[in-house]
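[1] Mind looking at a prediction? Sequence and model below.
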Amino acid sequence: MVILDHTLRITFYIAFLSSGLPVSFTGSPFFYIRNKQIAQIKNKQYRKKMISSQTQKTNYQKILDNIIEQLKDNPPQKKPSLLLHACCGPCSSYVIEYLSNYFDITIYYYNPNIHPENEYYRRLNELKKFLTEFPDAVKNCVKLQEDTYNPEEYFSATDVLVEKELQSEPEKGERCRRCYKFRMERAWNYACENGFDWFTTTLSISPHKDSEKINTIGKSLEEKDSAEKTVKTKYLFSDFKKKGGFLRSTQLSSEYGLWRQDYCGCVFSQRNSNKEVKHNPETHLLEKSAE
């Protein structure tokens, strides 16, 4: 057995460490530490890869493109019906242009989150006006179904008056997710009850909206009803901001002189956008009741 002196052993250690090769000499604290470091690096790389694969977002636009391609390749005798939840004319503009040749569209206007009331009706009237002027809407007979306006439904569904921390959240947070959900659920129920083939919403056209949350809600609505009862309505996945959709909506808004609001809709988005709010959110319900 050859016994190396201390200096020579250190030289060998340095050479192996510099090589980057895994070493498994027993009895050496240096090589033990080296192997442990390599294992830690490999473990971190594996975990990073797994997290990346788990968080990789679904391409909802591609799913929609595939559905449209199927309709092009095998056009049905009658266009499938689509209930399209919409919050305003600008957000509807591009979506109507994009989908109306393939679907028989009925727009469903249910947005009790919008504040104040005159803003709600301003957006609704702009949408009505647009549907009478936009050639694609006229040619394809796009229809409009208006639901009721009751802000109490918004406050109740989102619980923002109780969980006050939600009031100051930026867009795409939990307050917004709850707002997406209760409006989409109302529209979904209407679509199922009235036998629509498809349902979706224009919400994903905004860069301020979380398309992952929106499509997750839509998917869960379809899966829940499919499991509990027989429904023919399907959720149409989408990410309308893609393929220049948001830009096109701004162009159409300018071309048709549409009122383009500078906040999402609710009193909190208005306040958080540094807009003057006349009503205290806590007294909003009382004031509405007194009107």
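    Noted; the coordinates are in hand. None of the values given here were measured: they were computed from a predicted structure.
[2] neighbouring contacts of the strand or helix carrying residue 66?
    Counting by DSSP states H and E, the element that carries residue 66 is helix 60-73. Residues outside helix 60-73 that contact it (Cβ atoms under 8 Å, 6 or more residues apart in numbering) are 80, 102, 204, 211, 215, 236, 237, 238, 239, 240, 242, 243. No exception for glycine: its C-beta is placed from N, CA and C like everyone else's.
[3] Let's see that with 10 Å instead.
    Outside helix 60-73, the residues that touch it by Cβ atoms under 10 Å, 6 or more residues apart in numbering are 59, 79-80, 98-99, 101-103, 198, 200, 204, 211-212, 214-215, 218-219, 234, 236-243, 245.
[4] and what of stretch 125-138?
    Residues from elsewhere that reach stretch 125-138 (Cβ under 10 Å, 6+ apart): 86-93, 96-101, 105, 107, 109, 140-144, 146, 252-253, 255-261.
[5] Which ones among the residues you listed lie within strands?
    Members of these lying in strands (criterion: DSSP state E): 105, 107, 109, 143, 144, 146.
[6] so which of those is the most crowded?
    For those, the largest neighbour count, defined by other Cβ atoms under 10 Å, is 28 neighbours, found at residue 105.
[7] quick one, strands of this structure?
    Under DSSP E, the chain gives strands at 81-85, 104-109, 143-146, 198-201, 234-235.
[8] With mean pLDDT added, can I get those in JSON lines?
    Formatted as JSON lines, these follow (pLDDT from 0 to 100):
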{"stretch": "strand 81-85", "mean pLDDT": "98"}
{"stretch": "strand 104-109", "mean pLDDT": "98"}
{"stretch": "strand 143-146", "mean pLDDT": "98"}
{"stretch": "strand 198-201", "mean pLDDT": "98"}
{"stretch": "strand 234-235", "mean pLDDT": "98"}
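[9] Now that we have those strands, can you turn them into CSV and tack on distance to residue 269?
    As requested, these are exported to CSV (distance: least, Cβ to Cβ, whole Å):
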stretch, distance to residue 269
strand 81-85, 18
strand 104-109, 18
strand 143-146, 22
strand 198-201, 17
strand 234-235, 25
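[10] Point out where the protein drops to low pLDDT.
    1-56, 229, 274-291 (pLDDT under 70).
[11] let's go with 90 and repeat that
    Applying pLDDT under 90 to the chain flags residues 1-57, 224-232, 260-263, 272-291.
[12] Pick out the residue closest to the middle of it.
    What sits nearest the mean C-alpha location of the chain, by Cα atoms, centre = their mean, is residue 211, with 1.9 Å.
[13] what ranges do the helices span in the chain?
    All helices of the chain, identified by DSSP state H, fall at 6-19, 29-55, 60-73, 89-99, 117-133, 135-139, 151-158, 174-193, 211-228, 245-255, 267-272, 284-290.
[14] Output the helix holding residue 66 as CSV, nothing but the C-alphas.
    What follows is helix 60-73, C-alpha atoms only, in CSV (Å, rounded to 0.1, in the frame of the first residue of the first chain):
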residue,chain,number,x,y,z
TYR,A,60,-55.6,28.1,-24.9
GLN,A,61,-55.4,30.1,-28.2
LYS,A,62,-54.1,27.0,-29.9
ILE,A,63,-57.0,24.9,-28.6
LEU,A,64,-59.4,27.5,-30.0
ASP,A,65,-57.6,27.5,-33.3
ASN,A,66,-57.9,23.7,-33.6
ILE,A,67,-61.7,23.9,-33.0
ILE,A,68,-62.1,26.5,-35.6
GLU,A,69,-60.0,24.5,-38.1
GLN,A,70,-62.3,21.5,-37.5
LEU,A,71,-65.3,23.7,-38.3
LYS,A,72,-63.6,24.9,-41.4
ASP,A,73,-62.7,21.4,-42.6
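[15] Name the residues of that helix that come out as buried.
    For helix 60-73, burial by neighbour count (16 or more other Cβ atoms under 10 Å) applies to 60, 61, 64, 67, 68.
[16] Closest to residue 116 out of these?
    Within the buried residues of helix 60-73, distances to residue 116 taken as Cβ to Cβ reach their minimum at residue 60, with 32.9 Å.
[17] that older thread, could you give me the PyMOL syntax to select whichever of the contacts of stretch 125-138 are buried?
    Restricted to buried positions by 16+ other Cβ under 10 Å, the PyMOL selection for those reads:
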select buried, resi 86+87+88+89+90+91+92+93+96+97+98+99+100+105+107+109+140+142+144+252+253+258+261
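[18] No further queries at this time; thank you.
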